[in-house]
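Engineer: let me see the structure of the following:
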Amino acid sequence: MTEATVLYELRDGVALLTLNRPKRLNALVPEMQELWFDLLERAADDPDVRVIVVTGAGRGFCAGADLERLEGISGGDINPGEEAILSRAQTFPLTIPKPIIAALNGATAGLGLVQALMCDLRFAAAGAKLTTAFARRGLVAEHGMSWILPRLVGPSRALDLLLSGRVVLADEAASMGLVDRVYSPDQLLGETLAYARELVAHCSPSSMATMKQQVYTHLDAPLERALEESNELMLDSFRRPDLAEGVSSFQERRAPRFEGLGATQRGGRFGGAQRGAPRGPVSQ
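Structural biologist: Sure, this is the predicted structure:
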């Protein structure tokens, strides 16, 4: 593969990452997956990046793992325990302390759906097709999907999607909470970038990083612990310059000038062990 399989563009505080194997509906291979995670690291470390948007080139977002590679694994030509191993788990995007928005421009299947679910928000093009696909490939709910999917749509709907492997269109996906917004195909990327730029213009990167951490770490926490930790974080925010800037900008009716997050502020991450490990296999 001579052309970059993931493209990176920074504009107006938004890092746009584009999965770039359009002839294969952006089906994933390990090298592409590693580049995607490397570019997420790059965006996390760059204080000029406030928000990350990921989409697909061509007609689809991501059709899952490349079927040619799956054939190699099932035929014994590829050892999944050696060759198809990533240095970071598929849940790695959840550890990035900046909002990640997926613009699902078309087919989103299997491992491609995993990628979408590990983003913080999902906007979809009308007519886009989403499917778990695992049961129809003789596989299981992979890479944390059994954790994230029921939290988005509920256990029974998650089981419907997993057991049947049926295709749902964007409108049905929105009705069940699988995606957050649906736009016409020609408006999807523009509307997603406009939303991202709103966050860039008006929202504190430190606040967004902390809130992302709160939401994911408190999914399994007792209410008492979540309340205690949130109160501690609130008191800490009172001492930070972003509060003074947020109040001043509101009173002066101007855009706030919040500082960006960079490599020196990566302590805002949660699940820090995922930076180098755990390791996870690339499969469907």
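Engineer: what is the burial count for residue 99?
Structural biologist: Residues lying near residue 99 (other Cβ atoms under 10 Å) number 23. Any C-beta I mention is one placed from the backbone N, CA and C, and that applies to glycine too.
Engineer: pretty sure it sits against residue 198.
Structural biologist: No - the pair residue 99 / residue 198 is not scored as a contact, 11.0 Å apart, by Cβ atoms under 8 Å.
Engineer: separation between residue 243 and residue 215?
Structural biologist: In this structure, residue 243 and residue 215 are 21 Å apart, going by Cβ to Cβ, to the nearest Å.
Engineer: wait, I meant residue 60
Structural biologist: Relative to residue 215, residue 60 is positioned 28 Å away (criterion: Cβ to Cβ).
Engineer: so for the two, which residue has more residues nearby?
Structural biologist: residue 60 (24 against 12).
Engineer: contact partners for the more buried one?
Structural biologist: By Cβ atoms under 8 Å, 6 or more residues apart in numbering, the residues touching residue 60 are 22, 25, 26, 105, 106, 107, 108, 112.
Engineer: give me the pLDDT for residue 79.
Structural biologist: We have a pLDDT of 51 for residue 79.
Engineer: for this protein, which residue is closest to the average position?
Structural biologist: The centre of the chain sits closest to residue 119, judged by Cα atoms, centre = their mean, with a distance of 1.8 Å.
Engineer: that one and residue 101 touch, don't they?
Structural biologist: Yes - shown here, residue 119 and residue 101 form a contact pair, counting by Cβ under 8 Å, at 6.3 Å.
Engineer: between these two, which contacts overlap?
Structural biologist: Listed contacts common to residue 119 and residue 101 are residue 54; contacts here mean Cβ under 8 Å, 6+ apart.
Engineer: the helices in this protein, which residues?
Structural biologist: 30-45, 67-74, 111-117, 145-153, 155-164, 170-175, 188-202, 205-217, 223-238, 241-251 (DSSP state H).
Engineer: okay, now residue 122: neighbour count?
Structural biologist: Counted with other Cβ under 10 Å, residue 122 comes out at 27.
Engineer: pretty sure it is touching residue 105, no?
Structural biologist: No - counting by Cβ under 8 Å, residue 122 stays clear of residue 105, with 11.5 Å between them.
Engineer: may I see the PyMOL selection of the buried members of the contacts of residue 60?
Structural biologist: Of the contacts of residue 60, the buried ones go into a single PyMOL selection, burial set by 16 or more other Cβ atoms under 10 Å:
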select buried, resi 25+26+105+106+107+108+112
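Engineer: mean pLDDT lowest for which of the helices of the chain?
Structural biologist: helix 67-74 (a mean of 59).
Engineer: could you check the pLDDT of residue 86?
Structural biologist: Residue 86 is given a pLDDT of 68.
Engineer: ok, now residue 124?
Structural biologist: 98.
Engineer: show me what it bridges to in the sheet.
Structural biologist: Going by DSSP bridges, residue 124 is paired in beta bridges with residue 104, residue 182.
Engineer: in contact with it, which residues?
Structural biologist: 103, 104, 108, 130, 170, 173, 174, 179, 181, 182, 183, 188 are the contacts of residue 124 under Cβ under 8 Å, 6+ apart.
Engineer: which pair in the contacts of residue 60 spans the largest distance?
Structural biologist: Greatest spatial distance in those: 22 and 108, 14.4 Å, computed using Cβ to Cβ.
Engineer: contacting residues for the closest residue to residue 54 other than its chain neighbours?
Structural biologist: Of all residues beyond its chain neighbours, the one nearest residue 54 is residue 17 (4.5 Å), with distances taken as Cβ to Cβ, 6 or more residues apart in numbering. Remark: with contacts taken as Cβ under 8 Å, 6+ apart, residue 17 is in contact with 6, 7, 8, 36, 39, 40, 43, 52, 53, 54, 55.
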